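structure for this input, please:
(one chain, ligands or ions: 1)
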Amino acid sequence: MKRTLVFATNNLHKLEEVSQILGDQIELRSLKDIGCEEDIPETADTLEGNALQKAHYIHSRYGTDCFADDTGLEIEALNGDPGVYSARYAGKGRDPQDNMNKVLRKLEGKTRRNARFRTAISLILDGKEYLFEGIIQGVITTEKRGEAGFGYDPIFLPDGYDQTFAELGNEIKNHISHRALAVQKLCDFLKTYTKQVE
Ligand code: IMP
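Model prediction:
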């Protein structure tokens, strides 16, 4: 029997990316699909904490199997910042251009520019909690390059590539990204789990 899973997001870009990887073994629902219109709190100080908080929120109110994700850009020379605060690094406006400008300013003149994107996914399935992580290493460029993607994509150059995420475009990015790696782990787990309980 096909399982239904709620992905605690209304971000169409993410839903599309995740449903591509999950394939047709899972029926994926968004927050909108289950009639959840409220803002889900994200007040933890770690990515894992936020992912867990969001998944618990949905599970406790809607009683459905669900998962939630949280992602951050962790820059070595900035002691892991902006990390869990990536969305609002330059202020409440959550403006991606302002966020990138702040990163570029803080790294001005620095040669150590290593960074990584890290995604944490929290899954609640049959009442139990599971955690998955995806990481991609790279460096922060000295200027913005490319138009595709979102967030910090124009300044993130993944290791092994000479184009930023925003230059590579969604098709390549969605194969190699932090989120893709975490979702792949979730997907592998679900395949094995579903076989075991069948
Ligand atoms: P979220 O947890 O996926 O909402 O991500 C939090 C913030 O991290 C976003 O608002 C973006 O600023 C940044 N971010 C997350 N994923 C990506 C990505 O794939 N590319 C660039 N920035 C990202």
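
for this protein, which residues are neighbours of the ligand?
Contacts of the chain with the ligand, taken as C-beta under 6 Å from any ligand atom, map to 70-73, 86-87, 99, 149-153, 165, 177. The C-beta positions use only the backbone N, C-alpha and C, and glycine is treated the same way.

between those, which is nearest T119?
Of all these, T119 sits closest to T71, with 4.5 Å by C-beta to C-beta.

would you say the closest one is within a helix?
No: according to DSSP: H, G, I helix; E, B strand; the rest coil, T71 belongs to no helix; its state is strand.

centroid-nearest residue for this protein?
In the chain, the residue lying closest to the centroid (C-alpha atoms, centre = their mean) is T71, at 4.0 Å.

ok, back up a step: report the buried members of the residues of the chain next to the ligand.
Neighbour counting with 16 or more other C-beta atoms under 10 Å marks 70-73, 86-87, 99, 149, 151-153, 165, 177 as buried within these.

still on that earlier bit, and the residues of the chain next to the ligand, which is closest to the ligand?
G151 (2.3 Å; C-beta to the nearest ligand atom).

got a list of what H13 touches?
F150 (C-beta atoms under 8 Å, 6 or more residues apart in numbering).

who is C66 paired with across the strands?
V6, I124 (DSSP bridges).

what pLDDT is listed against it?
pLDDT for C66: 97.

surely it touches I58?
Yes: applying C-beta atoms under 8 Å, one finds C66 in contact with I58, separated by 4.5 Å.

any chance you could list residues touching both of those two?
V6, A8, I124.

does the last one really touch D65, like I thought?
Okay, so that is I124. Yes: I124 lies in contact with D65 (C-beta under 8 Å); the separation is 6.4 Å.

what do these two both touch?
By C-beta under 8 Å, 6+ apart, the residues touching both I124 and D65 are H59.

low-scoring pLDDT stretches of the protein, where are they?
Flagging of the chain using pLDDT under 70 yields the residue ranges 1, 198.

where along it do the helices fall?
12-22, 47-62, 96-106, 165-168, 170-176, 178-197 (DSSP state H).

that'll do, ta.
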